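A.B. asks: Just the structure for this:
(2 chains)
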Amino acid sequence: MTDATADALRDLPARPAPTVRVRGYWGSVWNRLRYDYVTLFCLALILVIIGLAIFAPWVAPMDPYKSSMAHRLKPIGYRNYLLGTDEQGRDMLSRLLYGGRVSLTMGILPVGLATIIGGLFGVVAGYFGGAVNMVIMRTMDIFFAFPSVLLAVAISGSLGGGITNQLLTLTVVLIPPLCRVAETATSQVRNMDFVDAARSTGASTASILFTHVLINVMSPVLVYASTLVSVSIILASGLSFLGLGVSPPTADWGLMLSTLRQSIYVQPLVSAIPGIAILITSIAFNLVSDGLRQAMDVRA
Amino acid sequence: MWLYAARRIVLTIPILLGVTIICFALVQIAPGDPIQNLLSPTASAADAARLRAAYGLDQPLPVQYFIWLGKVMVGDLGMSIANNTPVTGEVLHAFMNTIVIALISVVLAFVISMIFGIIAAYRSGKLVDKAITAIAVFGISVPPFWLGVIVVIIFAVNLSWLPATGMGASGSENFSYFRWADFKFAIMPIIALALPPLGIMTRTTRSSVAEILNQDFVQTLRAKGLSEAQVIIHAVRNIMPQAVAMLGLQLGYLIGGSVLVETVFTWPGTGYLLNKAVLTRDIPLLQGTILVLATAFVLINLVVDLAQSMIDPRLKRS
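C.D. replies: Now for the predicted structure:
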């Protein structure tokens, strides 16, 4: 080594450190999302809707269960009933706010549970391959033989109504698609060089799965799960509409639609309101998941 | 080709067996004694015992399954509790009503979505694209049964152009899709059924056409002087395999997913039958309908796969 290079090497640390901030993966995702106003707006809308549902007891102007025979099926803006009244004279706005609690729970909770369970099965199937893969994925294939609505009605119809059965049904319906997405992503990742490198350094299977595979499988699975929230809300409202959800006095968007259906000749606008709530929530979730897909650069 | 078809058909058999296992399990997960679920509430204890022996319910579960499967194979889906009629006849009759409107809806949605998707991909980012995307997002996000209610409010309540529900005064007996007075009853169910697949297929078509238009060969086509119309034909030919797959999948979803829309319009199809089964807790009817619909879904997927491999021979090799 010449003196010149030795000098140069000695000089190196003395140079000013680069000031460019290196963003992590999530940093760059956020950077892209920041300028996507449609997604941000929808995200804010979802937070507002969730907030309204959580704080319904404080926000709701009236008791959602107090019926009044004298004020049945009043139009929008009647006295202090901002959105009118339903077929039993209960305040629509209050019922809508309370109904959001059940409907949003049925949109988010089953997707969360199915992501964990389906994702786990998918990662295991994708990573280990072979017989494990065959058993898990062929079982899932059987569930794919049912259109989702049909599977939901089949399970829910046999189990009977009720909120627990609805939750169980939706989770079972959502597991197979999430499992398939996780399996595809995992089997792509597991053959990548960095996984081989980790294996060759002697990393255990568990540590490879958690530190290398899971992180890379997460974004496609999360993006896909986010598209399922709207599917789950619509499925749940459909089950409630068929009488396979919560039982009558409880406020729930699907059930409200179902009971108000008899009143479309009297108050068409009021009867349509619960559907508008479902529609807005579901559009917001769909657009957010579109935005996430773009920001995370996940292909459909 | 024939080898591929044979392989694909053989692979369908385990799936169909799986479907029968799930349908068999439906009776098992229903709360209460399966025999009570199969019996009308007025049946006596002697009836229960006789039925238990007839169904072999004293046997272990796997044996019960094969007894049941044997009956299904010869077309015996049991008796409906509510009407005490064979489930098979009821389901097949309803299935015809469902498949016709599902087919019309899916073809309608397919044609419109192809046009929309191609226009949106061509005018990417322009106002037309945004309008079409908005329609597509609406179609995906709208609960189909609510859409049904809205369509009733508009066309039946406000405009009174179309009858709100049912299958017409002449009933479903001599209903004809070619008679306007009868067909009027099918219009609103078709609209409500068509919109969700329209949304999904528009999005898919838009992204596949956009992808094709970005490929080098499209530039070559333009460079050699083809008109835009001819370029479109090339692009459409390239997305045909995907388009057929999407058409088949959506048809399957409509056949299985028409429960809610048919309930709204009291259209006497399988969906309405399912709703009836759920309301009266008629488990044999529920089980039979689900089995027929799921089998139809599997067979549609099989036909689609075969059609796809005929259109695009590259798929056979994978």
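A.B. asks: tell me which element the spatially most central residue of chain B is part of?
C.D. replies: Ranked by distance to the mean C-alpha position of chain B (CA atoms, centre = their mean), the top residue is residue B:255 at 2.1 Å. Here residue B:255 sits within helix B:228-257, counting by DSSP states H and E.
A.B. asks: So residue A:284 is in contact with residue A:47, correct?
C.D. replies: No: using CB atoms under 8 Å, residue A:284 is not in contact with residue A:47; the gap is 9.8 Å. The C-beta positions use only the backbone N, C-alpha and C, and glycine is treated the same way.
A.B. asks: between the two, who's got more neighbours?
C.D. replies: With neighbours defined as other CB atoms under 10 Å in any protein chain shown, residue A:284 and residue A:47 compare such that residue A:284 has more, 23 against 11.
A.B. asks: what separates residue A:122 from chain B, distance-wise?
C.D. replies: Applying CB to the nearest CB, to the nearest Å, the value for residue A:122 to chain B is 19 Å.
A.B. asks: same check, this time on residue A:52
C.D. replies: The gap separating residue A:52 from chain B is 19 Å, by CB to the nearest CB.
A.B. asks: Tell me how far the helix or strand hosting that residue lies from the chain's centre.
C.D. replies: Residue A:52 is part of helix A:37-54 when elements are defined by DSSP H and E. Helix A:37-54 sits 13 Å away from the centroid of its parent chain (CA atoms, centre = their mean, to the nearest Å).
A.B. asks: so how far is residue A:34 from the residue nearest to the centre of chain B?
C.D. replies: From residue B:255 over to residue A:34 the distance is 44 Å, taken as CB to CB, to the nearest Å.
A.B. asks: about what we covered before: give me the nearest residue to the residue nearest to the centre of chain B, chain neighbours excluded.
C.D. replies: residue B:102 (5.0 Å; CB to CB, 6 or more residues apart in numbering or on different chains).
A.B. asks: Setting aside sequence neighbours, what's the nearest residue to residue B:103?
C.D. replies: With CB to CB, 6+ apart, the residue lying closest to residue B:103 is residue B:251, at 6.9 Å.
A.B. asks: just checking, the one you found touches residue B:108?
C.D. replies: No: Residue B:251 lies out of contact with residue B:108 (CB under 8 Å); the separation is 11.8 Å.
A.B. asks: quick one, which of these two is more surrounded?
C.D. replies: Under the neighbour definition other CB under 10 Å, residue B:251 and residue B:108 were set side by side, and residue B:251 has more, 25 against 16.
A.B. asks: for the more buried one, what are its contacts?
C.D. replies: B:102, B:103, B:106, B:300 (CB atoms under 8 Å, 6 or more residues apart in numbering or on different chains).
A.B. asks: wait, which of the residues you listed is closest to residue A:115?
C.D. replies: Checking the contacts of residue B:251 against residue A:115 by CB to CB gives residue B:300 as the nearest, at 28.8 Å.
A.B. asks: what's the helix or strand for the closest one?
C.D. replies: helix B:283-311.
A.B. asks: In that helix, which residues are buried?
C.D. replies: B:283-298, B:300-302, B:304-305, B:307-309 (16 or more other CB atoms under 10 Å in any protein chain shown).
A.B. asks: Pull the contacting residues for whichever residue of the stretch 201-318 of chain B sits closest to chain A.
C.D. replies: Closest to chain A within the stretch 201-318 of chain B is residue B:256: 3.1 Å, counting by CB to the nearest CB. Residue B:256 is in contact with A:146, A:147, A:149, A:150, B:293, B:294, B:297, counting by CB under 8 Å, 6+ apart.
A.B. asks: Stretch A:207-222: how far from the chain's middle?
C.D. replies: The answer for stretch A:207-222 is 19 Å, by CA atoms, centre = their mean.
A.B. asks: which parts of it are buried?
C.D. replies: Residues of stretch A:207-222 classed as buried: A:208, A:209, A:212, A:213, A:214, A:216, A:217, A:218, A:219, A:220, A:221, A:222 (neighbour count, 16+ other CB under 10 Å).
A.B. asks: Show me where chain A has its helices.
C.D. replies: A:3-11, A:25-34, A:37-54, A:56-59, A:92-128, A:130-144, A:148-159, A:163-189, A:193-200, A:205-207, A:214-241, A:253-260, A:268-296 (DSSP state H).
A.B. asks: Please report the distance of residue B:246 from residue B:205.
C.D. replies: 8 Å.
A.B. asks: actually residue B:156, not the one I wrote
C.D. replies: Applying CB to CB to residue B:156 and residue B:205 gives a distance of 32 Å.
A.B. asks: quick one: which of these two has more around it?
C.D. replies: Using other CB under 10 Å as the criterion, residue B:156 and residue B:205 rank with residue B:205 on top: 26 against 18.
A.B. asks: Just list the residues touching that one, thanks.
C.D. replies: B:113, B:114, B:116, B:117, B:118, B:121, B:239, B:243, B:246.
A.B. asks: Same question for residue B:108.
C.D. replies: By CB under 8 Å, 6+ apart, the contact list for residue B:108 reads B:190, B:194.
A.B. asks: State the helix or strand in which it lies.
C.D. replies: Per DSSP H and E: helix B:87-122 holds residue B:108.
A.B. asks: Quick check: residues of the stretch 151-300 of chain B near chain A?
C.D. replies: Residues of the stretch 151-300 of chain B lying close to chain A by CB under 8 Å from any CB of the partner chain are B:152-153, B:157-158, B:207, B:252-253, B:255-257, B:259-260, B:263-264, B:274-275, B:277-279, B:281, B:283, B:286, B:290, B:293-294, B:297-298.
A.B. asks: Which single residue in the stretch 201-300 of chain A comes nearest to chain B?
C.D. replies: residue A:275 (3.4 Å).
A.B. asks: Now do that residue against residue A:190, distance only.
C.D. replies: 44 Å.
A.B. asks: okay, now the closest residue to residue A:290 other than its chain neighbours: neighbour count?
C.D. replies: By the measure of CB to CB, 6+ apart, the closest residue to residue A:290 outside its immediate chain neighbours is residue A:39, 7.4 Å from it. By the measure other CB under 10 Å, the count of residues near residue A:39 is 22.
A.B. asks: What of residue B:217?
C.D. replies: 12.
A.B. asks: Equivalent analysis for the one 3 residues further on, please.
C.D. replies: Residues contacting residue B:220 under the criterion other CB under 10 Å number 10.
A.B. asks: try residue B:62
C.D. replies: For residue B:62, the neighbour count with other CB under 10 Å is 8.
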